[in-house]
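Engineer: Have a look at this fold, sequence not included:
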Ligand code: C2O
Ligand code: CU
Ligand code: CU
C-alpha cells in the first residue's frame, strides 16, 4: 500500500470514530439533561443509576455526654456516640442502606438533606413515615441520584435534637472527579452554652422565635472549637463546608487563600468564582477547591466567619514545612458545563407564592406560610417534569432560609431583579422584607416538606409541603 492510500484509510477511520464518539456523547448528554415541557432543562437525572453495590451502615442515636471544649460538657444526643455522627461516604451508583436504631428517650427519624430519595425514605413524620419510637429500628435504603455533599439529621423535635448534636454527613463521590490531595468535610455548628459549661436546655424560647432562631455562643467545626487541618505546602484540598446550625448564618472568609467555589448544596457550579462572601445559611453546603501555595510553608491560616460584625474563627489550616512540599495536582475544576441559565424565566408568571410572616399569640408568636401554621396549610401540587416558578415573599424582618425536600431549584430573581447564580440549590436564604423567585423542574414524585431551616421557626409553624405528581 502506498502512503497516499494509508493516509486516506487513516482519515476515514478517524472520521468514523469521530462520528461514533460524538453520537455517544450526545446520547450521554440527553440522559443527563432533563428538558421540561416548557423548554427549561435541568442537568440532573430523573432516575438513579444503581450499580448494584450496596453500602451498609449501622447507626444508633443515643443520649451521650459529650465534651465540646475545655470545661464544656453537654448532655448531648449523638449518632454512634460522635459529634458529628459518622461520615457516610459512597460512590454515585451505590445503594445506601442504613440500619437505624433509636436509643434516645424521644421519638425521632432521619432525613437525608438534599438527597433525592424515594419519598418513603425522606424521614418526615406525618408526611413520609411514622416517627421511630424509643427502642425501635428502621431501615433507610436509597440510591442517591446526584453526587455531592449532603447531610442527615432528625425531623422530629428538630430544634432540640440537632442542637444536642444529632447530625452527620453523606458524601456521594463522583467517580469522574479528579483526585485531590485531601477531601475534607468541615461541619459547622454553634451551641448555646451556660456559664457553668453546660448546654442551655431552654429550647424554642420566645426570644429565639422572635429573632433568627437560636444563635449559640460557641462555634465548632467537626465538634471541636479548635479544629485544625494539617496540609503540606503544594497540596490541593477539596473542603466541604456544611452548616448544621439551628439559626446562624456564616460567611466564610478564606483569608489570602485562593478558594474556588466548585459546588453549592452538593451541585456543581457552571463556572468557578471565589468562595469568599458566600452566605452559608442553615442547611447549605459549599465545596471549595484550595491550592496551598508553597510559599505558605510553616504558616497557619485562620478561616473566619464575617457574617456579623463579630468575626468568628471557624477552623485553621496548618501548613507543614518547606521540606514536605508536594507538587500541586494539576487538573481542571470539576464543574458542570450544563447548568441552564434560565434568564428568560424572569418573564414567566409566578405559579405559586408563599408569604412568610409571623403572628402574635397569647403565649408568643408563631411563624406562618400563607397565614397558616403547619400542618394547616395547603399542599401545593406541581406536575412532574414541568417548570414552575415559586415566589417567597418575606413580610417579616427576619431571615428565612427556605428549604425544599427532594428538589433542587435555581434562584431567578431577588426583589424582582434578575439573579443568575450559575448553580442549583436546595436551600435559599430569604432576607428580611425580601422577595425571592426560584424556578424548578421537579422530577421526584411524592409529598415533600417545604420549610424554613431556622429550626425554631420551623418548630413554631413555618413548614408546609408540596406534592409532585
Ligand atoms: Cu435539613 Cu427538612 O431539612
Ligand atoms: Cu431536607
Ligand atoms: Cu424562618
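Structural biologist: Noted; the coordinates are in hand. Fair warning: this is a prediction, and the values are worked out from it, not measured in the lab. Ligands and ions are numbered 1, 2, ... in the order given.
Engineer: Check the separation of the first and last residues in stretch 200-207.
Structural biologist: End-to-end distance of stretch 200-207 (CA to CA, to the nearest Å): 14 Å.
Engineer: same deal with stretch 72-89?
Structural biologist: Chord length of stretch 72-89, first to last residue, is 30 Å (CA to CA).
Engineer: mind checking how far it is from the chain centre?
Structural biologist: Distance of stretch 72-89 from its chain centroid, counting by CA atoms, centre = their mean, to the nearest Å, is 19 Å.
Engineer: any residue of that stretch up close to ligand 1?
Structural biologist: No. On the criterion CB under 6 Å from any ligand atom, stretch 72-89 is out of touch with ligand 1, staying 13.8 Å away. The C-beta positions use only the backbone N, C-alpha and C, and glycine is treated the same way.
Engineer: Enumerate the positions of that stretch that are buried.
Structural biologist: 72, 74, 76, 77, 78, 79, 83, 84, 85, 86, 88 (16 or more other CB atoms under 10 Å).
Engineer: I figured the first one was touching residue 220, is that so?
Structural biologist: What that stands for is residue 72. No. Residue 72 lies out of contact with residue 220 (CB atoms under 8 Å); the separation is 9.7 Å.
Engineer: Bridged to the one residue in the stretch 1-150 of the chain that gets nearest to ligand 1, which residues?
Structural biologist: Here the stretch 1-150 of the chain gets closest to ligand 1 at one residue, residue 113, 3.6 Å apart by CB to the nearest ligand atom. Beta bridges link residue 113 to residue 151 when assigned by DSSP bridges.
Engineer: how much space between it and residue 451?
Structural biologist: Plainly put, residue 113 is 11 Å away from residue 451 if you go by CB to CB, to the nearest Å.
Engineer: shared neighbours of the two, anything?
Structural biologist: residue 403 (CB atoms under 8 Å, 6 or more residues apart in numbering).
Engineer: Next, the distance between the ends of stretch 240-252.
Structural biologist: 12 Å.
Engineer: actually stretch 375-389, sorry about that
Structural biologist: Rule used - CA to CA; the end-to-end distance of stretch 375-389 is 23 Å.
Engineer: What lies in contact with it?
Structural biologist: The contact list for stretch 375-389 (CB under 8 Å, 6+ apart) reads 34, 36-40, 46, 126, 345, 348-352, 369-370, 372, 412, 437-445, 447, 450, 463-469.
Engineer: Would you agree residue 342 is in contact with residue 410?
Structural biologist: Yes. Judged on CB under 8 Å, residue 342 makes contact with residue 410 at a distance of 5.7 Å.
Engineer: Mutual contacts of these two, please.
Structural biologist: By the contact definition CB under 8 Å, 6+ apart, residue 342 and residue 410 are jointly contacted by residue 439.
Engineer: Compare neighbour counts for these two and give me the winner.
Structural biologist: Applying other CB atoms under 10 Å to residue 342 and residue 410 shows that residue 410 carries more neighbours, namely 25 against 22.
Engineer: Check the gap between that one and residue 287 for me.
Structural biologist: 18 Å.
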